[in-house]
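K.L.:
the sequence and its predicted three-dimensional model are supplied below.
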Amino acid sequence: MKTSTDRRRFLRLTMAGIIGITLGDQILQRKALASEELPHLAEDDAQASALQYTHKSPHEENHCGNCMLLQGNEGDEWRPCSIFPGKAVNVNGWCSAWTAKPA
Ligand code: SF4
């Protein structure tokens, strides 16, 4: 005969299992995204043009490499950017959404 303590324990273990599976799946998806070769953002892409994106920053100090919105792995030349989902931007590039990384 099951006691309420057994049921609570069963529910806790079940919830922990569901949370563990969900977190594990999210980690695997992020790793897949990070390692996947994203297509490079074209300078003549409509959204890129609207934000004046260029592969070579016209500014000496501001470039994708020190923008808070850049994602991906440090050291990669082409990296994902949260402004242009599904595309990779050049770390030497720039757009008008440039935002300084917090110090
Ligand atoms: Fe580069 Fe603009 Fe993306 Fe910042 S927001 S990483 S400047 S493309």
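P.N.:
Okay, I see it.
K.L.:
which SS state does the closest residue to Glu37 other than its chain neighbours fall under?
P.N.:
In space, and not counting its chain neighbours, Glu37 is closest to Ala88: 8.0 Å by Cβ to Cβ, 6 or more residues apart in numbering. Just so you know, the C-beta spots here come from the backbone N, C-alpha and C atoms, and that holds for glycine as well. The three-state label given to Ala88 by DSSP: H, G, I helix; E, B strand; the rest coil is strand.
K.L.:
which residues touch Ala88?
P.N.:
Neighbouring residues of Ala88 by Cβ atoms under 8 Å, 6 or more residues apart in numbering: 37-41, 72, 78-81.
K.L.:
which of those residues are buried, as a ChimeraX select command?
P.N.:
Buried residues among these (16 or more other Cβ atoms under 10 Å), as a ChimeraX selection:
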select :38,41,72,78,79,80,81
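K.L.:
do you know the pLDDT at the residue nearest to Glu37?
P.N.:
Looking at Ala88, its pLDDT reads 97.
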